[in-house]
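Engineer: Pasting the sequence and the predicted coordinates here, then a few questions.
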Amino acid sequence: FKAISIQANGHGTSTHSFKGLEYNSGSSNFIDGTVDHGNWFFSIGAYNAWGGTNKFPGPSSGVNMVKLWVKTSAKKPGSCPSPPPAPPPSPPPVLDCDATVDDEGYYLVFKHDSSKGNYWSKANNNAESKRVGSNPETDYKYSRLEEVEKFGRTDEGSFQFKLEYPTLSQTNIWTQTSNPVTAGKRGVDDFKAISIQANGHGTSTHSFKGLEYNSGSSNFIDGTVDHGNWFFSIGAYNAWGGTNKFPGPSSGVNMVKLWVKTSAKKPGSCPSPPPAPPPSPPPVLDCDATVDDEGYYLVFKHDSSKGNYWSKANNNAESKRVGSNPETDYKYSRLEEVEKFGRTDEGSFQFKLEYPTLSQTNIWTQTSNPVTAGKRGVDDFKAISIQ
């Protein structure tokens, strides 16, 4: 063996550095470059996969392509016919007309909005998580994950994904070669970060390293690679991290979207989308409702100066609705209407808690409704003004 130019030198150890190619008498491959050793790096003619899905041993890890050439003085005869012209490249596959593709060429393949308590079924090998829904704008559960392979895998064999958390204003973009929809086992191959804003807990076991198939009982796909946890959840079967939530990067969230980069286009014959319907009118308050100049609706008043207190009977029915005139009533409540009139499109409430005798007022937002929660705890508290 005489080296001329060695760029791929394996592990570089005395037993694993490149020293030419040898016949392999074992059961793994025909020829390899781990000379006089049981390993089979620099594999030529691998009999089976190693080092990842659809891979074989390269210099020090799994690869999916190798070429071997030998120098020769031989020439082709001059009478050889010219090679046929290369066929034109195949046109990219065509998306359905209802596909959602953003301006950067990412195809929306998954959306989960759990704000109304919607979760996914594991039945029939996660069939629902692979395809469901027709309108990602309005559907709480929408998936085209079954099309990731068809529309997302590049000629180089990788996928470029975009994982978006709208409520956190965080997005991860990366490439990987393994398809979590079809993998059937944990693990991510060839993860390469492009832009990572949501990095989980940031520890070695919980930082974001791509998306993997989850073989457990909690969800279909997650981003806590090779670990039992299921942060960055895609296709959660049940709630976690708060009412109507599921695992996000490090805590519970209620919205996630997954996109895959594609060269596919919609057909030119797609009809123009119908105009967006006008926004629904806000619900209408009763005529006796009290609303202040800032748009706060009075849903509870308690004046105990005459010794008036509340009854727990009938599941706190009195505390949910009583009285007709908040100016004169010692006990007045419209708490049963907090959900109907208070929850925003983003899923939160903005409350104002006023103590007139103290001249102190607190204003904040939270996503949990204390009237209907049925258990202790507050989700997503954000202070605005706390006196």
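Structural biologist: Received it, and whenever you're ready, just let me know what you need.
Engineer: I'd guessed residue 337 sits against residue 298; true?
Structural biologist: No. With contacts counted by CB atoms under 8 Å, residue 337 stays clear of residue 298, the gap being 10.6 Å. To be clear about C-beta, it is placed using only N, CA and C from the backbone, and glycine gets the same treatment.
Engineer: What lies in contact with stretch 155-170?
Structural biologist: For stretch 155-170, contacts defined as CB atoms under 8 Å, 6 or more residues apart in numbering pick out 54, 64, 106, 148, 152-154, 171-177, 179, 190, 194, 197-198, 210-211, 223, 232, 248-249, 253-261, 346-347.
Engineer: Count the residues that sit near residue 157.
Structural biologist: Close neighbours of residue 157, defined as other CB atoms under 10 Å, add up to 13.
Engineer: picking that back up, so if I had to pick from residue 337 and residue 298, which one is more boxed in?
Structural biologist: Between residue 337 and residue 298, counted using other CB under 10 Å, residue 337 has the larger neighbour count: 18 against 15.
Engineer: The residue nearest to the more buried one when sequence neighbours are not counted and residue 380, how far apart?
Structural biologist: Leaving out its chain neighbours, the residue that sits closest to residue 337 by CB to CB, 6 or more residues apart in numbering is residue 299, at 6.4 Å. Distance, residue 299 to residue 380, using CB to CB, to the nearest Å: 20 Å.
Engineer: Looking at the two, which has the bigger crowd around it?
Structural biologist: Counted by other CB under 10 Å, residue 299 and residue 380 do not tie: residue 299 has more neighbours, with 21 against 18.
Engineer: pretty sure the more buried one contacts residue 340?
Structural biologist: No. With contact defined as CB under 8 Å, residue 299 does not reach residue 340; the gap is 10.6 Å.
Engineer: residues in contact with the closest residue to residue 96 other than its chain neighbours?
Structural biologist: With CB to CB, 6+ apart as the criterion, residue 96 has its nearest non-adjacent residue at 7.5 Å, and that residue is residue 266. For residue 266, the contact set (CB under 8 Å, 6+ apart) comprises 94, 95, 96, 97, 99, 101.
Engineer: for residue 301, same thing?
Structural biologist: 323, 326, 329, 331, 332, 333.
Engineer: which one of those is nearest residue 47?
Structural biologist: Ranked by distance to residue 47 (CB to CB), those are led by residue 333 at 75.3 Å.
Engineer: For the closest one, list each beta-bridge partner.
Structural biologist: Beta bridges link residue 333 to residue 300, residue 322, judged by DSSP bridges.
Engineer: How many neighbouring residues does it have?
Structural biologist: For residue 333, using other CB under 10 Å, the count is 23.
Engineer: residues touching it, list them.
Structural biologist: 299, 300, 301, 318, 319, 320, 321, 322, 323.
Engineer: For residue 184, state which of those residues is nearest.
Structural biologist: So of the contacts of residue 333, ranked by how close each gets to residue 184 (CB to CB), first place is residue 320, at 49.7 Å.
Engineer: tell me the phi and psi of the closest one?
Structural biologist: Here is the backbone geometry of residue 320 (degrees, to the nearest 10): phi -90, psi -30.
Engineer: so what's it closest to, chain neighbours aside?
Structural biologist: Distance criterion CB to CB, 6+ apart; nearest residue to residue 320, sequence neighbours excluded, is residue 336 at 4.1 Å.
Engineer: Isn't that neighbour up against residue 342?
Structural biologist: No. Counting by CB under 8 Å, residue 336 stays clear of residue 342, with 11.3 Å between them.
Engineer: Nearest residue to residue 355 in space, please, no chain neighbours.
Structural biologist: Per CB to CB, 6+ apart, closest to residue 355 is residue 361, 7.2 Å.
Engineer: helix/strand/coil for the one you found?
Structural biologist: strand (DSSP: H, G, I helix; E, B strand; the rest coil).
Engineer: what bits of the stretch 1-150 of the chain have low per-residue confidence?
Structural biologist: Within the stretch 1-150 of the chain, no stretch has pLDDT under 70.
Engineer: And the helices in it, which stretches?
Structural biologist: All helices of the stretch 1-150 of the chain, identified by DSSP state H, counting those that start in this stretch, fall at 123-130, 148-152.
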